[in-house]
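Asks: attaching a predicted model along with its sequence, questions to come.
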Amino acid sequence: MPGGFDQWTRRGTLAAIAASALPGCGPVRRRNDNTLVVGLTYDLDTLNVYSTGFLGDVQAAVVEGLIAPDGQAHYVPVLALDVPTLANGGIVVAPDGQSMTITYQLRRGVRWHDGAPFTAADVAFTWAAVRNPAFIAESKDGSDVIVAVDTPDPYTVICHYDRVAPTFAATMFTFGILPKHLLDGVDLNTAGYNERPIGTGPFRVTAFKRGQYVLTERNPYYWRRDAAGRQLPYIDRLIFKIIPNSNTLLTQLRSGELDLVTQTPYDQAKQMGALPGVELVRSAVLSWQHLDFNFKNPTLRDSAVRRAIAHAIDRDALVRVNGGFQRPIKSVVVPTFDFYDPATPDYPFDPAKARAILDAAGYRVQRDGVRAKGDARLAYRFVCQAGKGDDELAQQVILAQLGAIGIAASADNKTGVSYRQARYKGDYDLNYGTWVTGADPVYSRFFSTKGANNGQGYANPAMDRILTRMESTLDPAERRRAAFAMQHLLAVDLPTIPLTSGAAVASKRTRLRDYTPNPTNMTAFVSCAGWRLQA
């Protein structure tokens, strides 16, 4: 692939920006080059968009899908010419209503970062590669319901679904297309692509050092142009620095080493916004913070314990400790969606009721203040992402609230990839975290028996049936009825406690213009081609 760390050094580009961009170098308070330095608040496990367990900020700048959500969470065409709908003929449902086809007309003249042409063959290959059982993906949503992909010409893709799939836009081809000419016959689990992906996006990766940074530079073959005919992107280089520690983020933003933090820790937001030349951009985000129970733990399989914990948590206290940026919620469906059910049963904060539930279930307070029933003590390992200030503050509040009802929990926080592995493998008793969804959420990822993000071992055949119904019809009324049923059953089974929904707070230098937040899991970098740096 063109570029690379050595090539940057030879050009003198890296030397010019190293002092303010790379770890271990002294800060430079003022830069006039056309480079944007971004602080990521999480570690990176892989740059393969289908394998990562984290938000794909870097990936969104590098790879593109056929369509993508815009800043209002509306799907818009990217590598496709249109978003398929029933109205425009892109979606055709079979007469029996049991299957459908989706047709994409592709944009012509698009080239990969290495100059090779992008065609329908790449789209068909992406489906086959992600669907391959040998490929260990974070999620294969969408690949399993497509039974065949036809490519009658280089710019037409016809996807045949074995059922009606209303959430097709939130799955496969939206997140990114893989280059067939480079990956055909290659093991995607170990491919060099995972550290140096080739895409069609506005930026191409030139170096990736785990735990430290990703360097990218503008794609000279990028297809998109502005209204005046100028080729995008406007920015020459994006540098992503991996900085999970909240205090370090603030220090480097203050010193001039960072230009943008898209996930500003709430407890640092006021200080970051007060820095000279820095402004806060607050926006909605389709996310919810939650406390998950591991059903492998016998006492957590006891619904009385889960209900007591639900009543022990004061959501208002969680909002306060994180600066008031969040809002209390009672459903995993955030109120933004029209299938949110305001009548979803709730567990209001009531410590006395929590203690009464545990008393009735036979869990008595022992001499050490911890409840137990026989040999079963209510003592748990409580995991959240280490270094993520917002989560650790919320965890401390919850620890105190659990202690008030006789439940002992100890923080067992993990960083980066270790946290991701714990979350997916269920290596915890209690887990606090955040899920960010697409514009059309696929809840089976979290709550179906075999859901890719269901590391807690929750399983209920009735829930599986509800989710299948919700994700197998284009009828809005039927989807809404299924969503209501999902919310009510989750409130009864209580595998998770929805706690708050947050706002995205970005800290950016005022010289960064046309920055557009994105409320979905595609992140703001899906629109980074149009960002500008004022000299």
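Replies: Cool, the structure landed. Residues are numbered from 1 along each chain as shown.

Asks: from here on, just use CA atoms for contacts and neighbour counts.
Replies: OK.

Asks: which residues does stretch 286-298 contact?
Replies: Contact with stretch 286-298 is made by 300-301, 306, 332, 334, 336, 426, 428-439, 455-458, 495-502, 519-521, as judged by C-alpha atoms under 8 Å, 6 or more residues apart in numbering.

Asks: got the end-to-end distance for that stretch?
Replies: Stretch 286-298 has its terminal residues 33 Å apart, counting by C-alpha to C-alpha, to the nearest Å.

Asks: buried set for it?
Replies: 286, 287, 288, 289, 290, 291, 292, 293, 294, 295 (16 or more other C-alpha atoms under 10 Å).

Asks: narrow those residues to those in helices?
Replies: Assignment to helices by DSSP state H places none of the buried residues of stretch 286-298 there.

Asks: and those as CSV, adding distance to residue 366 and pLDDT?
Replies: Shown next, in CSV, are the buried residues of stretch 286-298 (distance: C-alpha to C-alpha, whole Å; pLDDT from 0 to 100):
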residue, distance to residue 366, pLDDT
286, 42, 93
287, 39, 93
288, 35, 96
289, 32, 97
290, 29, 97
291, 25, 98
292, 26, 98
293, 23, 98
294, 24, 98
295, 24, 97
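
Asks: quick check: the farthest pair among the residues you listed?
Replies: Using C-alpha to C-alpha, those span at most 26.4 Å, a distance reached by 286 and 295.

Asks: now residue 163. Nearest residue, chain neighbours left out?
Replies: residue 99 (3.9 Å; C-alpha to C-alpha, 6 or more residues apart in numbering).

Asks: surely that neighbour and residue 162 touch.
Replies: Yes: the criterion here is C-alpha atoms under 8 Å, and residue 99 meets it with residue 162 at 5.0 Å.

Asks: more crowded one of the two?
Replies: residue 99 (19 against 15; other C-alpha atoms under 10 Å).

Asks: report pLDDT for residue 336.
Replies: Per-residue confidence at residue 336 stands at 88 (pLDDT).

Asks: tally of neighbours for it?
Replies: Counted with other C-alpha under 10 Å, residue 336 comes out at 10.

Asks: got the contact list for it?
Replies: residue 286.

Asks: the stretch 51-200 of the chain: strands as residue ranges?
Replies: For the stretch 51-200 of the chain, the strands defined by DSSP state E, counting those that start in this stretch occupy 67-69, 75-77, 91-93, 100-105, 146-153, 156-161.

Asks: just name the most buried of these.
Replies: Ranked by mean neighbour count under mean count of other C-alpha atoms under 10 Å, the strands of the stretch 51-200 of the chain are led by strand 67-69, which reaches a mean of 26.

Asks: that one packs against which elements?
Replies: strand 75-77, helix 172-175 (3 or more C-alpha pairs under 8 Å, 6 or more residues apart in numbering; DSSP states H and E).

Asks: hmm, who's touching it?
Replies: By C-alpha under 8 Å, 6+ apart, strand 67-69 touches 75-80, 82-83, 169, 173-175, 438-439, 518, 520, 522, 526.

Asks: I'd assumed residue 250 was in contact with residue 268.
Replies: Yes: applying C-alpha under 8 Å, one finds residue 268 in contact with residue 250, separated by 7.0 Å.

Asks: neighbour count: these two, which is higher?
Replies: residue 250 (21 against 18).

Asks: buried sites along whichever strand or helix holds that one?
Replies: Applying DSSP states H and E as the criterion places residue 250 in helix 246-255. Neighbour counts over helix 246-255 (16+ other C-alpha under 10 Å) mark 246, 247, 249, 250, 252, 253, 254, 255 as buried.

Asks: give me the contact list for it.
Replies: Applying C-alpha under 8 Å, 6+ apart, the external contacts of helix 246-255 come out as 27-29, 39, 41, 243, 258-261, 265, 268, 271-272, 275, 387-389.

Asks: tell me the buried residues within these.
Replies: 27, 39, 41, 243, 258-261, 265, 268, 272, 387-389.

Asks: which of the residues you listed fall in helices?
Replies: 268, 272, 389.

Asks: mind putting those residues into JSON lines with pLDDT and distance to residue 375?
Replies: What follows is those, written out as JSON lines (pLDDT from 0 to 100; distance: C-alpha to C-alpha, whole Å):
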{"residue": "268", "pLDDT": "90", "distance to residue 375": "43"}
{"residue": "272", "pLDDT": "94", "distance to residue 375": "49"}
{"residue": "389", "pLDDT": "86", "distance to residue 375": "35"}
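
Asks: so which bits of stretch 440-451 are buried?
Replies: 440, 441, 442, 443, 444, 445, 446, 447, 448, 449, 451.

Asks: most widely separated two among the residues you listed?
Replies: 440 and 449 (20.3 Å).

Asks: you'd agree residue 304 is in a strand?
Replies: No: counting by DSSP: H, G, I helix; E, B strand; the rest coil, residue 304 is not part of a strand but helix.

Asks: burial count for the spatially closest residue to residue 282 that is not a sequence neighbour?
Replies: Among residues not flanking residue 282 along the chain, residue 505 sits closest, at 4.5 Å (C-alpha to C-alpha, 6+ apart). For residue 505, the count of nearby residues is 22 (other C-alpha under 10 Å).

Asks: residue 507 should be in a helix, yeah?
Replies: No: using three-state DSSP, the assignment for residue 507 is strand, not a helix.

Asks: which phi and psi values does the closest residue to it other than its chain neighbours adopt?
Replies: Take residue 507 and drop its neighbours on the chain: the residue closest to it by C-alpha to C-alpha, 6+ apart is residue 280, 4.7 Å away. Residue 280 has phi and psi values of phi -100, psi 140 when expressed as degrees, to the nearest 10.

Asks: can you list the weak-confidence ranges in this structure?
Replies: Across the chain, the ranges flagged by pLDDT under 70 are 1-32.

Asks: can you name the farthest residue from the center of it?
Replies: residue 367 (43.5 Å; C-alpha atoms, centre = their mean).

Asks: what distance do you get for residue 396 to residue 94?
Replies: 53 Å.

Asks: ignore what I typed, I meant residue 328.
Replies: To residue 94, residue 328 is 42 Å away according to C-alpha to C-alpha.

Asks: for those two, indicate the residue with more neighbours.
Replies: Between residue 328 and residue 94, counting by other C-alpha under 10 Å, residue 328 is the more crowded of the two (18 against 13).

Asks: grab the nearest non-local neighbour of that one.
Replies: That would be residue 500: by C-alpha to C-alpha, 6+ apart, it lies 4.4 Å from residue 328.

Asks: hmm, residue 325 and the one you found touching each other?
Replies: No: the pair residue 500 / residue 325 is not scored as a contact, 9.7 Å apart, by C-alpha under 8 Å.

Asks: identify the contacts common to those two.
Replies: residue 319.

Asks: secondary structure class for the residue lying closest to residue 233 once chain neighbours are set aside?
Replies: Excluding the flanking residues, the one nearest residue 233 by C-alpha to C-alpha, 6+ apart is residue 529, at 4.2 Å. Under the three-state scheme (three-state DSSP), residue 529 adopts helix.

Asks: would you quantify the distance from residue 529 to residue 59?
Replies: 13 Å.

Asks: so the two - more neighbours on which side?
Replies: Per other C-alpha under 10 Å, whichever of residue 529 and residue 59 has more neighbours is residue 59, with 27 against 23.

Asks: how close does the nearest residue to residue 178 once chain neighbours are set aside sit to residue 176?
Replies: Once flanking residues are discounted, residue 178 sits nearest to residue 126: 5.3 Å by C-alpha to C-alpha, 6+ apart. With distances taken as C-alpha to C-alpha, residue 126 is found 9 Å from residue 176.
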